[in-house]
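> Next comes the sequence, and after it the predicted model I'd like to discuss.
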Amino acid sequence: MWRRFAHLSLSISRTKLQSLDPTVLKLINTFSSDAGNDGVASSRKPFITFVLGGPGSGKGTQCEKIASIFGFAHLSAGELLREEMSSPSENGELIRNVIKEGKIVPSAITISLIKRAINSATSDKILIDGFPRSEENRIAFEKIIGVEPDLVIFFECPEEEMVKRILGRNQGRIDDNMETIRKRLKVFDYLNMPVVEHYSSKGKVHKITATGTVDEIFERVHQVFASLRPKLCLEH
Ligand SMILES: Nc1ncnc2c1ncn2[C@@H]1O[C@H](COP(=O)(O)OP(=O)(O)O)[C@@H](O)[C@H]1O
Ligand SMILES: O=c1ccn([C@@H]2O[C@H](COP(=O)(O)OP(=O)(O)O)[C@@H](O)[C@H]2O)c(=O)[nH]1
Ligand SMILES: [Mg+2]
């Protein structure tokens, strides 16, 4: 499935490339030379949706419903990182420290986990939940994967509601405490909102009011995906 991306290439300005982490640049070079080795123009391009929103805005909850009703593969960047953190991985300790501080894991690590998950996905309709988290994440993804998202869903939720939901989540997460939540909310405003603004300016964002019950919110989400039916051959 990874090969589906290989023939696609986006141009990113030299200045933006220079702002990328050296490890990311190395990954880009590796994948660019991979791409040159195979002619994959006949492969089908996956339909990629980024699902964004503040911590606790309900991304995971709504993604599960979209996945089950519309047949998308649901890849949660946070879950992939937590799995990696709990495995005997060389990056485990780094990931744990970054998550505990509410900061953002280096793009090269997250993107290689996402790439692996896309490769093993059973659907070519993909939801990427909670990524990209920063402009640096976004630029690295677009350069390495070679595609932009087809669609961006943004869950807009008041901070006090997000905090209430996180404190009630009860999943034993190391970042679901008030001290880390404060940091995550700041990181969301400063680093993640510019990504939403970038894709808004390209007309790709569907903003969903993320207050109300899970079902009420899903009704709004449903309308967006239902309108894509002809494009995606969706069944519902
Ligand atoms: N509309 C809602 N109303 C109340 N609680 C919700 C709603 N949507 C999700 N939750 C709960 O809030 C918490 C955070 O939701 P989650 O989907 O994990 O958010 P995110 O992935 O954006 O952090 C979870 O415990 C979830 O069950
Ligand atoms: O692309 C990502 C996704 C998540 N995270 C880290 O993982 C944490 C939890 O992410 P998740 O999306 O699970 O949290 P949510 O927003 O759903 O509460 C974030 O605060 C970040 O520290 C990251 O660094 N990069
Ligand atoms: Mg989540």
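Right, received. Where do you want to start? Predicted model only: the values in this text are computed from it and were never measured. Ligands and ions are numbered 1, 2, ... in the order given.
> what's the distance between whatever residue of the chain ends up closest to ligand 3 and residue 160?
Of the residues in the chain, the one nearest ligand 3 is residue 60, at a distance of 3.4 Å by C-beta to the ion. The C-beta positions use only the backbone N, C-alpha and C, and glycine is treated the same way. Separation of residue 60 from residue 160 (C-beta to C-beta, to the nearest Å) stands at 20 Å.
> Specify which residue of the two has the higher count of neighbours.
In this view residue 60 and residue 160 are compared by other C-beta atoms under 10 Å, and residue 60 has more residues nearby, 17 against 8.
> Helix or strand for that one, just tell me which one.
For residue 60, the enclosing helix or strand under DSSP states H and E is helix 59-70.
> ok, and what's touching that helix?
Taking C-beta atoms under 8 Å, 6 or more residues apart in numbering as the criterion, the residues outside helix 59-70 that touch it are 51-53, 72-74, 76, 78-79, 125, 127, 129-130, 153, 155, 208, 214, 217-218, 221-222, 225, 232, 234-236.
> which is the next helix or strand following that helix?
Sequence-wise, the next helix or strand downstream of helix 59-70 (DSSP H and E) is strand 73-76.
> What strands line up against that following strand, and which way round?
As defined by DSSP bridges, the strand partners of strand 73-76 come to strand 125-129 (parallel).
> can the partner strand be found next to ligand 1?
No - Strand 125-129 stays out of contact with ligand 1 when judged by C-beta under 6 Å from any ligand atom, the minimum separation being 6.7 Å.
> by contact count, what packs against the helix or strand that comes right after that strand?
Using DSSP H and E, the next helix or strand after strand 125-129 towards the C-terminus is helix 135-145. In terms of contacts (3 or more C-beta pairs under 8 Å, 6 or more residues apart in numbering; DSSP states H and E), helix 135-145 is packed against helix 14-18, helix 22-36, helix 107-119, helix 193-201.
> Give me the neighbour count for residue 65.
Residue 65 is flanked by 16 other residues according to other C-beta under 10 Å.
> I misspoke; the intended subject was residue 87.
When counting by other C-beta under 10 Å, one arrives at 9 neighbours for residue 87.
> now swap in the one 3 residues further on and tell me
Counted with other C-beta under 10 Å, the neighbours of residue 90 add up to 8.
> Check the one 5 residues further on too.
Taking other C-beta under 10 Å as the neighbour definition, residue 95 ends up with a count of 22.
> Let me know the pLDDT of it.
Reading off the per-residue confidence, residue 95 sits at a pLDDT of 98.
> Once you drop chain neighbours, what's closest to it?
The spatial neighbour of residue 95 that comes closest, neighbours along the chain excluded (C-beta to C-beta, 6 or more residues apart in numbering), is residue 85 at 4.3 Å.
> Say whether ligand 2 is contacted by the helix or strand containing that neighbour.
Secondary-structure assignment from DSSP H and E places residue 85 in helix 77-86. Yes - against ligand 2, helix 77-86 shows contacts by C-beta under 6 Å from any ligand atom at 77-78, 81.
> likewise stretch 96-116?
Yes - judged by C-beta under 6 Å from any ligand atom, stretch 96-116 and ligand 2 are in contact via 98-99, 102-105, 110.
> tell me which residues of that stretch are tucked away?
Neighbour counts using 16 or more other C-beta atoms under 10 Å place 96, 98-100, 102-115 of stretch 96-116 among the buried residues.
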